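In: just to be clear, the model below is a prediction. Sequence and coordinates:
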Amino acid sequence: MRRSAAPSQLQENPFKKPKFISPARSHPSPNEEVAKLNSDMKLFEVTANKNNFLQPQNYPRICNFNLPTEECAKGINHGDNYREKYCLEASTKTTLDLHHTGTGYKLKELEKIEEGQTMMIGGKEIEVMGVISPDDFNSGRCFQFGGGCSAVLSSSQAAKKSFSNPFKSVCKLSSKENEQNSSQNCKPRHDPYAPNSLVMLRPDKNHQWLFNKNCFPVVDVVIDPHLVHYLRPHQKEGIIFLYECVMGMRVNGRCGAILADEMGLGKTLQCISLIWTLQCQGPYGGKPVVKKTLIVTPGSLVNNWKKEFQKWLGIERIKIFTVDQDHKVEEFTKSPFYSVLIISYEMLLRSLDQIKNVKFDLLICDEGHRLKNSTIKTTTALISLSCEKRIILTGTPVQNDLQEFFTLIDFVNPGILGSLSAYRKIYEEPIIISRQPSASEEERELGEQRAAELTCLTGLFILRRTQEVINKYLPPKIENVVFCRPGALQIALYRKLLNSQAVRFCLQGLLENTSHLICIGALKKLCNHPCLLFGSIKEKESSSTWDESEERNLYEGLMNVFPADYNPIMFTEEESGKLQVLSKLLAVIRELRPAEKVVLVSNYTRTLDILQEVCKRHGYAYTRLDGQTPISQRQQIVDDFNSKYSSDFIFLLSSKAGGVGLNLIGGSHLILYDIDWNPATDIQAMSRVWRDGQKHPVHIYRLLTTGTIEEKIYQRQISKQGLSGAVVDLSKTSDHIQFSVEELKNLFTLHESSHCITHDLLDCECTGENHTGDSLEKLPVSRNCQLGPHQQKSASLKPLSMSQLKQWKHFPGDHLNVTDPFLERIRENVSFFFQNITNQTIAI
Ligand SMILES: Nc1ncnc2c1ncn2[C@@H]1O[C@H](COP(=O)(O)OP(=O)(O)OP(=O)(O)O)[C@@H](O)[C@H]1O
Ligand SMILES: [Mg+2]
């Protein structure tokens with residue numbers, strides 16, 4: 001599509017001679033779609049117009065990247081996609097499908113319409129800018145400035161920046177500047193030709209035109225060989241990527257990036273390398289690009305960042321300031337000494353005013369997935385900072401939906417996807433519609449093309465590498481999913497809860513939306529330990545609102561199931577299947593690997609209390625990090641645990657409080673005591689130990705209570721993981737998981753006779769024998785399972801992770817030949833195991 005000049009520019013463009021076509025009807029009826037043409041409707045931003053006359057006539061696609069406004073986005077997905085769409089321009093512009101609109105013109109006239117022609121519609125003079133190909137419409141590319149991702153790199157910055165003064169003497173320097181240029185900073189800081197040197201891309205002509213106004217000589221930017229020596233290959237690539245993004249070399253002069261490498265891939269080191277490079281070097285005359293950097297990170301990681309700086313750069317090269325209770329932002333502001341400020345998200349909010357006074361050139365948001373909602377305070381605060389070069393780091397890029405995805409993208413590269421409402425119309429709606437089972441072929445195609453375009457566009461500044469890239473540097477990892485038989489008291493209580501009025505009402509849809517969450521919460525507590533449920537009931541009963549509370553319907557008669565003299569403080573391990581397994585597991589680790597340590601994770605503080613009590617009873621030395629742990633103490637606790645001199649055997653970790661970013665390589669066994677709905681929370685926790693620096697083979701145990709809600713959550717997690725992956729690769733099919741009544745029925749069923757309902761769902765033909773998974777590949781995957789509507793649709797749409805699980809070695813607890821010595825010791829209380837070994841180089 002070619003953009004023609006706006007009427008106002010015609011004087012300057014003698015080649016344009018618009019023909020005027022008189023409308024057959026001068027006044028279209030009011031209910032015709034043409035009424036949409038009003039002065040608010042702009043398809044392309046005005047800044048692009050200013051550049052029009054600069055663009056060569058044969059330029060492939062010259063539209064502004066800024067997407068349509070809300071108004072214009074209406075109707076974008078409708079109409080016959082296979083017909084040509086016309087992009088019109090007048091003093092106001094819009095997109096119309098003329099075949100479908102009441103333009104007042106005859107169809108024949110419209111078919112003959114040519115580029116450059118003008119016409120009157122709704123009292124406005126419209127000029128045909130060009131024809132949009134079906135391909136460009138379907139992909140949504142035509143709504144983007146620069147013509148979508150294929151043109152992003154080449155269309156360059158020229159279109160973004162308004163054309164201010166092309167004749168400014170860009171290459172005429174004052175004699176003083178000339179002198180400076182020729183004499184200093186014109187040599188690369190490090191030798192670009194040295195063996196193993198890591199040299200950044202040189203800026204192209206467009207970049208130089210925009211950013212090298214003073215015509216400094218172009219100098220190679222070379223990463224400090226001191227750092228290169230340590231960098232893994234993927235980290236070198238990551239640094240190149242970050243450099244190109246923040247320098248505006250990848251997308252139209254926009255300077256944002258999302259580094260979404262999986263956990264443990266060393267995102268910190270990649271950023272440190274970038275900061276150090278930009279602080280000392282630049283492509284123009286060697287002048288540093290960045291003076292001050294702001295790093296915002298969860299509280300528990302503030303000191304970890306500092307430590308990483310010291311680990312890789314020592315204490316002399318770069319001066320870091322971390323904000324805490326005793327070190328306020330003012331200190332940083334006043335001192336010219338520091339170049340990097342590291343602050344927690346919480347502190348940032350408190351010190352926003354001071355921070356706004358500092359000019360930061362680079363902003364890094366660690367664990368940036370927390371910015372997923374633009375209405376939350378932290379996001380608003382960060383958006384308010386004027387810094388253009390923005391990087392989001394996250395191991396779990398976008399956890400739930402396309403809207404979160406938008407917020408992250410819009411944060412790093414504001415406006416690149418247009419307004420939220422336009423984004424919804426152009427991308428989100430068609431993508432979601434296309435994934436519904438009822439989608440027509442056309443809807444499916446449109447959605448897929450829009451998803452592909454979105455992935456392609458955002459892929460320019462999102463980088464995600466998976467764990468595999470560092471596998472070879474890591475010791476083996478043995479992952480186990482352990483299905484623990486529930487205790488007798490647990491089964492009795494579970495049955496009672498399922499028979500409660502509250503659960504029955506839920507299934508009949510008679511209660512409010514949140515009621516099922518209360519029921520789910522009670523079942524989860526019970527799975528962890530009956531004493532937790534007992535505690536909750538007691539607490540509720542003594543509260544003043546007990547009589548009207550919804551829990552009454554749930555807890556009715558439950559106390560009678562507990563022994564009369566039940567004392568939650570004196571809980572026993574036998575009362576909970578998982579606790580029994582845990583206790584045996586700790587004992588066998590202690591016995592077989594006395595020098596190794598365990599990270600024990602739960603989502604609940606109260607559960608951690610119980611686990612802590614178990615540690616005390618068995619005399620295990622432990623340490624604990626949860627939401628209550630003061631931020632200032634967190635790194636010390638982590639360091640102590642990781643130290644080889646530490647006597648702690650167990651690290652009790654609240655995954656929600658401290659799961660992200662921590663390095664707990666002192667532990668080589670990690671036990672996930674309970675399960676979260678969001679797979680990301682669990683994956684985060686599990687990634688704490690299997691990471692660079694780990695010396696021992698890592699054992700991960702995920703404990704689930706057989707036949708209960710925990711298994712169902714696990715099954716949903718596996719399908720949700722597919723969703724999480726699908727956001728980075730949007731062209732993958734995904735399910736949007738919601739609770740249907742059917743699903744609630746499934747959630748609220750106890751499968752007492754099954755060894756493992758997850759295995760039952762796998763459609764695996766093994767008869768409980770030890771399965772290596774090899775032969776399973778050939779089995780037909782045809783059975784419907786309960787993981788969402790897509791399963792019924794086609795076997796190929798089954799979430800990958802579910803089929804991956806099928807490839808894991810699996811066997812029942814009573815299997816005769818359990819070779820793993822740790823599993824061997826706990827199998828008495830276990831109904832089923834899944835096991836997967838990565839990097840198996842040695843015997844376990
Ligand atoms: N090239 C390397 N050589 C040795 N160790 C490394 C290297 N890169 C990173 N590490 C170490 O690996 C560990 C994990 O790195 P880091 O904390 O940066 O991971 P991450 O990608 O931020 O993960 P998460 O998403 O969990 O925060 C750190 O202890 C770090 O020092
Ligand atoms: Mg990190």
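Out: Perfect, thanks for sending it. Ligands and ions are numbered 1, 2, ... in the order given.
In: so which bits of the stretch 301-450 of the chain are right by ligand 1?
Out: For the stretch 301-450 of the chain, the residues in contact with ligand 1 (CB under 6 Å from any ligand atom) are 308, 311, 395. Backbone N, C-alpha and C define where each C-beta goes, glycine included.
In: narrow these to those in strands?
Out: Cross-referencing those against strands under DSSP state E gives no overlap.
In: so which residues on this structure come close to ligand 1?
Out: So the chain meets ligand 1 at 230-232, 235, 261, 263-269, 308, 311, 395, 661, 663, 687, 691-693 (CB under 6 Å from any ligand atom).
In: and which of the residues of the stretch 301-450 of the chain next to ligand 1 is nearest ligand 1?
Out: For these, the residue nearest ligand 1 by CB to the nearest ligand atom is Gly395; the value is 3.1 Å.
In: that older thread, out of the residues of the stretch 301-450 of the chain next to ligand 1, list just those in helices.
Out: Members of these lying in helices (criterion: DSSP state H): 308, 311.
In: quick one: the helices in the stretch 201-350 of the chain, in order.
Out: In the stretch 201-350 of the chain, helices defined by DSSP state H, counting those that start in this stretch lie at 205-211, 225-228, 233-246, 267-280, 302-313, 329-334, 345-350, listed in chain order.
In: and the ones you listed: which comes nearest Arg590?
Out: Of all these, helix 302-313 sits nearest to Arg590, with 28.5 Å by CB to CB.
In: residues in contact with whichever residue of the stretch 551-700 of the chain sits closest to ligand 1?
Out: Nearest to ligand 1, among the residues of the stretch 551-700 of the chain, is Asp692, at 3.1 Å (CB to the nearest ligand atom). Neighbouring residues of Asp692 by CB atoms under 8 Å, 6 or more residues apart in numbering: 264, 266, 470, 473-474, 665.
In: make it 7 Å
Out: By CB atoms under 7 Å, 6 or more residues apart in numbering, the residues touching Asp692 are 264, 266, 470, 473.
In: format the helices of the stretch 201-350 of the chain as a markdown table; extra columns: mean neighbour count and mean pLDDT.
Out: As requested, the helices of the stretch 201-350 of the chain are exported to a markdown table (neighbours: other CB atoms under 10 Å; pLDDT from 0 to 100):
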| stretch | mean neighbour count | mean pLDDT |
| --- | --- | --- |
| helix 205-211 | 16 | 93 |
| helix 225-228 | 16 | 96 |
| helix 233-246 | 21 | 98 |
| helix 267-280 | 24 | 98 |
| helix 302-313 | 19 | 95 |
| helix 329-334 | 16 | 93 |
| helix 345-350 | 18 | 94 |
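In: care to break this structure down by domain?
Out: 7-159, 211-413+462-468, 488-562 (automatic domain parsing).
In: out of these, which is the most enclosed?
Out: Ranked by average neighbour count under the criterion mean count of other CB atoms under 10 Å, those are headed by domain 211-413+462-468 at a mean of 20.
In: coming back round to it: could you check which helix or strand contains the residue of the stretch 551-700 of the chain closest to ligand 1?
Out: For Asp692, there is no enclosing helix or strand under DSSP states H and E.
In: Lys540 now?
Out: Applying DSSP H and E, one finds Lys540 within helix 530-541.
In: what's the answer for Tyr423, then?
Out: helix 420-423.
In: tell me the buried residues in that helix?
Out: Neighbour-count burial for helix 420-423, counted by 16 or more other CB atoms under 10 Å, picks out 421-423.
In: just the residues you listed now: which is nearest ligand 1?
Out: Nearest to ligand 1 among those is Tyr423, at 26.9 Å by CB to the nearest ligand atom.
In: ok, now which ones touch the closest one?
Out: 406, 417.
In: pLDDT at Glu445, what is it?
Out: Glu445 is assigned a predicted lDDT (pLDDT) of 92.
In: is it in a helix, a strand, or coil?
Out: helix (DSSP: H, G, I helix; E, B strand; the rest coil).
In: can you report how many residues lie near it?
Out: 15 (other CB atoms under 10 Å).
In: how about the nearest residue to it, chain neighbours excluded?
Out: Asn138 (7.1 Å; CB to CB, 6 or more residues apart in numbering).
In: same question, Cys615
Out: Using CB to CB, 6+ apart, the closest residue to Cys615 is Tyr622 (4.3 Å).
In: which residues touch the one you found?
Out: Tyr622 is in contact with 612, 615, 648-650, 652, counting by CB under 7 Å, 6+ apart.
In: sort out for me which of those residues are in strands.
Out: Reading strands off the contacts of Tyr622 with DSSP E, I get 650, 652.
In: now the contacts of Tyr622 in JSON lines, with neighbour count, distance to Thr297 and pLDDT?
Out: JSON lines is the format used below for those (neighbours: other CB atoms under 10 Å; distance: CB to CB, whole Å; pLDDT from 0 to 100):
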{"residue": "Gln612", "neighbour count": "16", "distance to Thr297": "27", "pLDDT": "98"}
{"residue": "Cys615", "neighbour count": "21", "distance to Thr297": "30", "pLDDT": "98"}
{"residue": "Asp648", "neighbour count": "21", "distance to Thr297": "25", "pLDDT": "97"}
{"residue": "Phe649", "neighbour count": "22", "distance to Thr297": "29", "pLDDT": "98"}
{"residue": "Ile650", "neighbour count": "26", "distance to Thr297": "26", "pLDDT": "98"}
{"residue": "Leu652", "neighbour count": "23", "distance to Thr297": "23", "pLDDT": "97"}
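In: just to revisit the earlier point, dump the domains of the chain to JSON lines, plus distance to Gln840.
Out: Output for the domains of the chain, formatted as JSON lines (distance: least, CB to CB, whole Å):
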{"stretch": "domain 7-159", "distance to Gln840": "40"}
{"stretch": "domain 211-413+462-468", "distance to Gln840": "15"}
{"stretch": "domain 488-562", "distance to Gln840": "32"}
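In: which one of these has the lowest average pLDDT?
Out: Across these, domain 7-159 gives the lowest mean pLDDT, at a mean of 48.
In: pairing partners for the residue nearest to Cys615 in the sheet, please.
Out: Counting by DSSP bridges, Tyr622 forms beta bridges with Ile650.
In: quick revisit: with distance to Ile320 added, can I get the helices of the stretch 201-350 of the chain in a markdown table?
Out: As requested, these are exported to a markdown table (distance: least, CB to CB, whole Å):
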| stretch | distance to Ile320 |
| --- | --- |
| helix 205-211 | 28 |
| helix 225-228 | 16 |
| helix 233-246 | 19 |
| helix 267-280 | 10 |
| helix 302-313 | 5 |
| helix 329-334 | 10 |
| helix 345-350 | 15 |
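In: restricting to C-alpha, output stretch 802-816 in CSV.
Out: C-alpha atoms of stretch 802-816 as CSV (Å, rounded to 0.1, in the frame of the first residue of the first chain):
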residue,chain,number,x,y,z
MET,A,802,0.3,-33.5,28.9
SER,A,803,1.8,-35.7,26.2
GLN,A,804,5.3,-34.9,27.6
LEU,A,805,4.2,-36.2,30.9
LYS,A,806,3.2,-39.4,29.2
GLN,A,807,6.8,-39.7,28.1
TRP,A,808,8.0,-39.6,31.6
LYS,A,809,8.9,-42.8,33.4
HIS,A,810,5.9,-43.8,35.5
PHE,A,811,5.0,-46.6,37.8
PRO,A,812,2.8,-47.4,40.8
GLY,A,813,4.1,-47.2,44.4
ASP,A,814,3.9,-51.0,44.8
HIS,A,815,6.0,-51.6,41.7
LEU,A,816,8.5,-54.3,42.4
